[in-house]
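Novice: Just need the structure, nothing else, for what follows:
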Amino acid sequence: MISIHIDKVKNVQETFKAEITDQRKSAYNKLLLIDPTIFSIAEQTYLQSVIHLFNDASFLLKTPSEIESIKNNIGGLPPISIYTNGRPEKKQLTHYIQEALGYTQLRKTFYPKYFRNIGIKTCVYCNSQLTIVISKSKTEIDARLEVDHHYSKSDFPFFSISLFNLFPCCSSCNKRKSSTPVNFKLYTEDASKLKKSDYDFKITKTSKCNFLLTKDTEKIEIIFNDLSVLPIGNKSLQSAFNVIEIHNTQKDIIAELIIKSQVYNESFKRILQNNFSKLSLSQSDFDRVIVGNYTEEKDIHKRPFSKMTMDIAKQLGLTKQKK
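Specialist: As a prediction, the model looks like this:
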């Protein structure tokens, strides 16, 4: 629910430079092995364009603006050409390209550690679930990173492993989004997008009072504000993922914050900080202890429901608003 600066991502990419280079080389070599003669002339031309892209040593590191330019230049897939008995075969050119790029294996071996280094552990869309999904077979249990492709891998298979095209998310949001454009850009060079999220949560003052009187969590009313500008053809986070409905299932978190706001007044917090001064806790560390979650915008992607928690903690005065 907040963007990450491209430079921060590039620093992490430099750490994994050798692995990223190997991914591109492996994909390039496997693309060369695809038999072009089984496809139409238009598809053969398209395949050669994809091979040319992967001959570029920096292709997997292309920035969002560069990806946009390449997408417009290459375009979408040509019409399918492989039929059996008048019916399209399940395996078309897009599937051959995706297999060559090895995206599925990278979900297990590379993406979990790569995005962990960037600081993303939760769904960038709903912020309510972890990005790791577990699959179980008869012989083993797999932990894979769930990743949404900003430009879908079915329509633009050559971006399947382009790092700035990957948005870590939960399985539910990934299925709901599909190929629908959503009004959220994870990567940015705009410094203003890093200081404050375009989205925030609040509770109504009336519902806070009602909860304090009744201790009934259902009295708590959550509001989800979307301050972003919705481009034509895009869905908002709310319309795409039902953000408010998801967070309404976690009103007990807010109930705890309301109670904490009654207990941890400013004088009590000063006493605690003085008593535990030997721990050398920063203000951020101390706030995390009080709130029970991250309290700074830059840490939104590290833990589920951190955005709702930090916003309402500030509203209740548990933590201070940063100017």
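Novice: any idea of the pLDDT on residue 140?
Specialist: Note on residue 140: pLDDT of 68.
Novice: next one: residue 87
Specialist: pLDDT for residue 87: 76.
Novice: Same question for the one 5 residues further on.
Specialist: In the prediction, the pLDDT value recorded for residue 92 is 88.
Novice: what's the burial count for it?
Specialist: When neighbours are defined as other CB atoms under 10 Å, residue 92 has 18 of them. Bear in mind the C-beta positions are built from the backbone N, C-alpha and C, glycine included.
Novice: Ok, residue 86 next?
Specialist: Counted with other CB under 10 Å, the neighbours of residue 86 add up to 5.
Novice: and it, what does it touch?
Specialist: Residues in contact with residue 86 (CB atoms under 8 Å, 6 or more residues apart in numbering): none are found.
Novice: quick one: it and residue 116, what's the gap?
Specialist: Taking CB to CB, to the nearest Å as the measure, residue 86 falls 48 Å from residue 116.
Novice: and what of residue 299?
Specialist: As for residue 299, its distance to residue 116 is 14 Å (criterion: CB to CB).
Novice: Same check on residue 302?
Specialist: For residue 302, the distance to residue 116 equals 10 Å [CB to CB].
Novice: now swap in residue 249 and tell me
Specialist: Going from residue 249 to residue 116 by CB to CB gives 26 Å.
Novice: For residue 258, give me its contacts.
Specialist: Residue 258 is in contact with 208, 211-212, 220, 316, counting by CB under 8 Å, 6+ apart.
Novice: Report the buried members of those.
Specialist: In terms of neighbour count (16 or more other CB atoms under 10 Å), the buried residues within the contacts of residue 258 are 208, 211, 220, 316.
Novice: got TSV for these, with distance to residue 51 and secondary structure too?
Specialist: Below are these laid out as TSV (distance: CB to CB, whole Å; DSSP: H, G, I helix; E, B strand; the rest coil):
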residue	distance to residue 51	secondary structure
208	60	helix
211	61	helix
220	56	coil
316	57	coil
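Novice: Relative to residue 242, which of those residues is nearest.
Specialist: residue 220 (18.0 Å; CB to CB).
Novice: Would you confirm that that closest one contacts residue 251?
Specialist: Yes - the pair residue 220 / residue 251 is scored as a contact, 4.7 Å apart, by CB atoms under 8 Å.
Novice: following whichever strand or helix holds residue 284, which helix or strand comes up?
Specialist: For residue 284, the host element (DSSP states H and E) is helix 283-291. Where DSSP H and E defines the elements, the next helix or strand beyond helix 283-291 is helix 306-315.
Novice: Convert the C-alpha atoms of that following helix to PDB, please.
Specialist: Below are the C-alpha coordinates for helix 306-315, written out as PDB (Å, rounded to 0.1, in the frame of the first residue of the first chain):
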ATOM      1  CA  SER A 306       0.500  -3.000   9.700                       C
ATOM      2  CA  LYS A 307      -1.100  -0.200   7.600                       C
ATOM      3  CA  MET A 308      -4.400  -0.300   9.500                       C
ATOM      4  CA  THR A 309      -2.600  -0.700  12.800                       C
ATOM      5  CA  MET A 310      -0.300   2.300  12.300                       C
ATOM      6  CA  ASP A 311      -3.000   4.600  11.000                       C
ATOM      7  CA  ILE A 312      -5.400   4.000  13.800                       C
ATOM      8  CA  ALA A 313      -2.600   4.000  16.400                       C
ATOM      9  CA  LYS A 314      -1.800   7.600  15.200                       C
ATOM     10  CA  GLN A 315      -5.400   8.600  15.200                       C
END
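Novice: For it, name the packing helices and strands.
Specialist: Where contact means 3 or more CB pairs under 8 Å, 6 or more residues apart in numbering; DSSP states H and E, helix 306-315 is packed against strand 199-203, helix 251-263, helix 283-291.
Novice: For residue 121, give me phi and psi.
Specialist: Backbone geometry at residue 121, expressed as degrees, to the nearest 10, gives phi -120, psi -20.
Novice: any idea how far it is from residue 56?
Specialist: When residue 121 is compared with residue 56 (using CB to CB), they lie 31 Å apart.
Novice: What are the contacting residues of stretch 146-156?
Specialist: Residues outside stretch 146-156 that contact it (CB under 8 Å, 6+ apart) are 64, 67, 71, 74, 76-77, 94, 98, 103, 107, 111, 123, 125, 131-133, 159-160, 165-171, 173-174, 177-179, 186.
Novice: what residues are up against residue 222?
Specialist: Contacts for residue 222 (CB under 8 Å, 6+ apart) come out as 201-203, 244, 247-248, 251, 254, 308.
Novice: isn't residue 39 right next to residue 82, touching?
Specialist: Yes - in this structure, residue 39 is within contact of residue 82 by CB under 8 Å, at 7.3 Å.
Novice: Need the per-residue pLDDT for the nearest residue to residue 151 once chain neighbours are set aside.
Specialist: The shortest distance from residue 151 to any non-neighbouring residue, by CB to CB, 6 or more residues apart in numbering, is to residue 159 (5.1 Å). In this model, residue 159 is scored at 97, pLDDT.
Novice: How about residue 5?
Specialist: 95.
Novice: repeat for residue 297
Specialist: 91.
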